[in-house]
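Asker: coordinates only, sequence not included:
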């Protein structure tokens with residue numbers, strides 16, 4: 001009987017408990033709390049948070065249930081994260097739900113999406129200064145794009161051993177857009193700038209909407225073939241939406257497919273935060289660099305909008321608040337720009353304008369990943 005009890009305890013969570021597991025489970029609980037009570041990216045934080053709890057239930061090695069053990073359910077699910085094929089499917093769904101009209105109607109907003117990517121390259125330099133290798137620094141830097149799928153895709157190629165920390169960091173800061181961005185936006189703009197009213201966007205023809213994903217894909221991927229997996233799926237999904245003859249396919253891509261992948265991706269990322277491999281000095285540095293990346297990206301978009309206004313006539317000026325939407329957190333950062341603008345002028349509607357740099361940021365972060373991947377992978 002004593003032998004049985006000893007074996008039972010040795011194979012239970014009590015016999016394999018470590019305080020790190022409890023700490024990560026608490027973090028998972030906080031994610032779920034923020035998702036339910038504050039509505040911070042609930043579609044992401046609930047699966048990630050519960051996955052954290054699942055991944056930190058202690059058990060002895062060799063039971064055939066962990067995500068690191070070949071052939072287990074968790075291992076098979078995590079394979080889509082590790083091999084980087086979940087992110088392109090997410091991009092397919094994003095393309096099928098994205099309207100590029102705001103960008104097409106005011107093409108200069110593309111520059112704001114590009115300017116926000118400064119956070120990626122500034123953080124890359126910061127990571128190098130902290131003695132991360134060049135491939136690791138590139139994977140960490142992509143957090144500055146505020147694009148979880150792209151961060152997962154690039155880290156799976158350049159630094160798979162850091163994938164869990166990078167993914168959780170990227171999605172955490174995406175969820176905290178309403179908390180992080182407004183103070184930076186207010187700090188870098190004047191009361192007068194926050195009240196700038198922009199011209200209503202022009203009507204975009206159906207032909208333009210159909211041609212854009214085709215021309216956009218060819219133009220971007222001929223220049224940066226490394227972005228083909230992500231941008232190919234993004235523009236393909238958008239063509240399904242805009243063509244008018246594949247409504248069923250577009251509806252599946254933006255509902256059932258993206259929902260299923262989001263569930264599996266979020267849960268798998270959460271499971272990978274097992275305390276013994278996740279609670280490291282590197283993870284703390286990655287979270288710190290991620291916050292810096294997001295702040296720099298937000299500031300880069302706002303400041304570049306102010307710079308562009310130096311060359312624009314009074315009637316064509318850009319409200320700098322929408323520069324913060326140049327990060328890839330669609331549509332949250334665009335919504336935040338609109339909400340901050342509404343605080344100063346209830347009649348100022350910035351949401352449609354902010355969607356221009358917002359969708360440009362999605363393209364920009366994918367291009368940045370496409371540039372970094374082939375260059376830095378040679379250093380592995």
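Answerer: Thanks, I have the structure now. Bear in mind that the values here come from a model prediction, so they are computed numbers and not experimental data.

Asker: buried sites along the helix or strand that contains residue 307?
Answerer: Here residue 307, judged by DSSP states H and E, is contained in helix 281-309. Using 16 or more other CB atoms under 10 Å as the test for burial, helix 281-309 gives 282-283, 285-287, 289-306, 308-309. Placement of C-beta: from N, CA and C, glycine included.

Asker: which residues touch the residue lying closest to residue 175 once chain neighbours are set aside?
Answerer: The spatially closest residue to residue 175, leaving aside those adjacent along the chain, is residue 41, at 3.7 Å (CB to CB, 6 or more residues apart in numbering). Going by CB atoms under 8 Å, 6 or more residues apart in numbering, residue 41 touches 35, 171, 174, 175, 332.

Asker: in strands only, show me those.
Answerer: In strands, judged by DSSP state E, none of the contacts of residue 41 are found.

Asker: list just the nearest of these to residue 117.
Answerer: Among those, residue 174 lies closest to residue 117 (CB to CB), at 15.5 Å.

Asker: and the closest residue to the closest one other than its chain neighbours, what is it in contact with?
Answerer: Spatial nearest neighbour of residue 174, excluding adjacent residues (CB to CB, 6+ apart): residue 329 at 4.8 Å. Listed by CB under 8 Å, 6+ apart, the contact set of residue 329 reads 146, 147, 174, 177, 358.

Asker: let's go with 6 Å and repeat that
Answerer: By CB atoms under 6 Å, 6 or more residues apart in numbering, the contact set of residue 329 is 146, 174, 177.

Asker: now do the helix holding residue 307: which elements does it pack against?
Answerer: Applying 3 or more CB pairs under 6 Å, 6 or more residues apart in numbering; DSSP states H and E, we find helix 281-309 packed against helix 110-115, helix 118-129, helix 163-175, helix 177-187.

Asker: what do you get if the cut-off is 10 Å, keeping everything else the same?
Answerer: helix 110-115, helix 118-129, helix 134-141, helix 163-175, helix 177-187, helix 191-194, helix 332-344, helix 351-377 (3 or more CB pairs under 10 Å, 6 or more residues apart in numbering; DSSP states H and E).

Asker: that older thread, so the residue nearest to residue 174, which state does it fall into?
Answerer: coil (DSSP: H, G, I helix; E, B strand; the rest coil).

Asker: phi first, then psi, for the residue nearest to residue 175.
Answerer: phi 40, psi 60 (degrees, to the nearest 10).

Asker: how about residue 244?
Answerer: phi 80, psi 0.

Asker: now it: closest residue in space that isn't a chain neighbour?
Answerer: residue 206 (7.5 Å).

Asker: contacting residues around the one you found?
Answerer: Going by CB atoms under 10 Å, 6 or more residues apart in numbering, residue 206 touches 242, 243, 244.

Asker: next one: the most centrally placed residue in the chain from residue 327, what distance?
Answerer: By CA atoms, centre = their mean, the mean C-alpha position of the chain lies nearest to residue 147, the distance being 2.0 Å. Distance, residue 147 to residue 327, using CB to CB, to the nearest Å: 8 Å.

Asker: overlap in contacts, those two.
Answerer: 174, 361, 362, 364, 365.

Asker: now list the buried members of those residues.
Answerer: 174, 361, 362, 364, 365.

Asker: rewinding a little: among the contacts of residue 206, who's most crowded?
Answerer: The residue in these with the most neighbours, by other CB atoms under 10 Å, is residue 242 (24 neighbours).

Asker: any idea how far it is from residue 104?
Answerer: 11 Å.

Asker: how many neighbours does the residue nearest to residue 271 when sequence neighbours are not counted have?
Answerer: Counting by CB to CB, 6+ apart, residue 55 is the residue found nearest to residue 271 once chain neighbours are left out, at 3.8 Å. Using other CB under 10 Å, residue 55 has 27 neighbouring residues.

Asker: check the one 5 residues further on too.
Answerer: Burial of residue 60, expressed as a neighbour count using other CB under 10 Å, amounts to 12.

Asker: from residue 50, how far off is it?
Answerer: Relative to residue 50, and taking CB to CB, residue 60 is found at 23 Å.
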